[in-house]
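1. missing the sequence, but the structure's below:
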């Protein structure tokens with residue numbers, strides 16, 4: 001059995017924990033803590049988009065590095081576009097929807 005995949009949410013959470021742990025400007029830290037705790041959905045959306053834009057990910061299926069598309073959502077598995085499309089097609093062929 002294959003281990004469960006990591007989602008972008010998991011990686012974003014780890015990123016936030018690291019950045020918050022570094023300390024810094026109190027106002028920025030308060031914003032990041034609110035983002036981490038889900039108290040400010042607008043700020044979270046902005047922070048997630050900025051994080052996506054600046055990170056390089058490793059596909060959990062083919063293990064190649066990739067830049068995420070801007071339409072990625074937090075619940076998505078960390079898969080490159082090609083592997084995500086392949087899995088969507090595989091699920092649809094089995095009668096499942098993602």
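-> Nice, thanks for sending it over. It should be emphasised that the depicted structure is a prediction, and the values quoted were computed from it without experimental measurement. Numbers count the residues shown, from 1 in each chain.
2. switch to C-alpha atoms for all contacts and neighbour counts from now on
-> Noted.
3. low pLDDT regions in the protein?
-> 1-4, 90-98 (pLDDT under 70).
4. What's the first helix or strand after the helix or strand containing residue 11?
-> Using DSSP states H and E, residue 11 maps to helix 8-22. Next helix or strand after helix 8-22 toward the C-terminus (DSSP H and E): helix 26-37.
5. That following helix: which residues count as buried?
-> Buried residues in helix 26-37, counting neighbours by 16 or more other CA atoms under 10 Å, are found at 29, 31-33, 35-36.
6. cool, and stretch 50-68?
-> 52, 57, 59-60, 68.
7. Check stretch 75-93 too.
-> Those would be 77-80, 84, for stretch 75-93 by 16+ other CA under 10 Å.
8. contacts for that stretch?
-> 5-9, 57-62, 64-69, 97-98 (CA atoms under 8 Å, 6 or more residues apart in numbering).
9. roughly how far out does it sit from the chain middle?
-> In terms of CA atoms, centre = their mean, to the nearest Å, the centre of stretch 75-93 is found 15 Å from the chain centre.
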